[in-house]
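**Student:** Coordinates only, no sequence provided:
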């Protein structure tokens, strides 16, 4: 395992009505803030990234399960999510990771439990 922890995705609506959000690069330990990064907020109830896939299996996915899912399904740049949703992603550095939405208290706020695995 490369890193495990919790990240906050948040944003704000600017005066011109557009949303400004922040995300995370997940290859560094600890992860670093980014304008969007490997995993970021895409408005209310959606996450964005380089390659995302929804996990619909039982329990939390393993590194192999996430890798297989990403290899067999075209990764999307955005996923609609709600509290309890789990997904897999590939970081800019080629690592496989999973996330689960643990809280979504507001339109531009989300807390995610994230696991990032070492490159194979």
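**Tutor:** Everything's here; your move. None of the values given here were measured: they were computed from a predicted structure. Numbering: from 1, shown residues only.

**Student:** got the buried residues for stretch 46-64?
**Tutor:** 47-49, 51-53, 55, 61, 63 (16 or more other Cβ atoms under 10 Å). Backbone N, C-alpha and C define where each C-beta goes, glycine included.

**Student:** For this protein, just list every one of the strands.
**Tutor:** 3-13, 19-25, 32-34, 39-41, 46-54, 76-80, 86-90, 96-106, 109-116 (DSSP state E).

**Student:** Next, work out how far apart the residue nearest to the spatial centre of the chain and residue 58 are.
**Tutor:** Taking Cα atoms, centre = their mean, the centroid of the chain lies closest to residue 39, which sits 3.9 Å from it. The spacing between residue 39 and residue 58, counted by Cβ to Cβ, to the nearest Å, is 23 Å.

**Student:** just residue 77 next, same as before
**Tutor:** Distance, residue 77 to residue 58, using Cβ to Cβ: 27 Å.

**Student:** Residue 71 now?
**Tutor:** Taking Cβ to Cβ as the criterion, residue 71 is separated from residue 58 by 20 Å.

**Student:** cool, residue 44 as well?
**Tutor:** Separation of residue 44 from residue 58 (Cβ to Cβ): 28 Å.

**Student:** repeat for residue 85
**Tutor:** 14 Å.

**Student:** in the protein, which helix or strand is least confident?
**Tutor:** Ranked by mean pLDDT, DSSP states H and E, the helix or strand of the chain with the weakest confidence is strand 19-25, at a mean of 77.

**Student:** If you tally nearby residues, what's the number for residue 65?
**Tutor:** 16 (other Cβ atoms under 10 Å).

**Student:** any idea what sits nearest it, other than its immediate chain neighbours?
**Tutor:** Distance criterion Cβ to Cβ, 6 or more residues apart in numbering; nearest residue to residue 65, sequence neighbours excluded, is residue 57 at 6.6 Å.

**Student:** hang on, residue 117 packs against residue 2?
**Tutor:** Yes: checked against Cβ atoms under 8 Å, the pair residue 117 and residue 2 is within contact range at 5.8 Å.
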